[in-house]
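> Provided below for reference: sequence and predicted model.
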Amino acid sequence: MSFDESHGSPKRPSMRTPLGRVRNLGAAHSGTSDFWRQRITGVAMTLLMIPALVIIIMLLGRNQVYAAQTLSSIPVAVILLLFIFACVWHMKIGMQVVIEDYVHNEKLKLTAIMLNNFFSAAVALASTYAILKLSSGV
C-alpha cells in the first residue's frame, strides 16, 4: 500500500465505478440542466414557429386597428407570448453558456452574466408589454 504524503495516511483504492466517478462533475454539478433547457426551448420554438409566422404574415401591411383586432384573440396573444418567452429563455441560456466558457476574468464574467440577465428580462418585458397593449386595444 502506498502512503499519501500530504496526509500520511495509506491510499485506498476507490470503491466507485467509472460511471460513478464521472457523474455530477463540474463546478455547479448541473451542467446537463442547461443542456436540457436549451433543447426544450429549442423544441418549443420549433413548435411555436409555424403559428407565430402565420400570425406575423397575417399582420404584414395591415394597420394598427387590424393588428389590435387580430391580437385581441386570446389564442393568438398566448401563442406569441409563449414564442417570445421560449426565444428569450433560449437566447439567455445560450449566451450564458458562451460567457461562462469564453470569459475568463471572474469580474467581467459576473458583469456579463448580469447584463445578459437584465437584457433578456428587458426584451421579454418589452415584448410582453407590446403584445398586451395591442391585444387590449389601448
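Structure received. The model shown is predicted, which means the values in this text are computed figures rather than measured ones.
> can you map out the strands along the chain?
3-4, 9-10 (DSSP state E).
> ranked by average pLDDT, which of those falls at the bottom?
Of all those, mean pLDDT reaches its minimum on strand 3-4 (a mean of 50).
> so residue 42 sits against residue 93, correct?
No. When contacts are counted by Cβ atoms under 8 Å, residue 42 is not listed as touching residue 93 (9.8 Å). Just so you know, the C-beta spots here come from the backbone N, C-alpha and C atoms, and that holds for glycine as well.
> more neighbours, the two?
residue 93 (20 against 14; other Cβ atoms under 10 Å).
> on the pLDDT front, check the more buried one for me.
Turning to residue 93, the model gives it a pLDDT of 95.
> show me what contacts it?
Counting by Cβ atoms under 8 Å, 6 or more residues apart in numbering, residue 93 touches 34, 37-38, 41.
> try 10 Å
Neighbouring residues of residue 93 by Cβ atoms under 10 Å, 6 or more residues apart in numbering: 33-35, 37-38, 40-42, 116, 120.
> how about it, nearest residue that isn't a chain neighbour?
residue 38 (5.1 Å; Cβ to Cβ, 6 or more residues apart in numbering).
> poorly predicted segments of this protein, please.
Counting by pLDDT under 70, the chain has low-confidence residues at 1-10, 19-31, 137-138.
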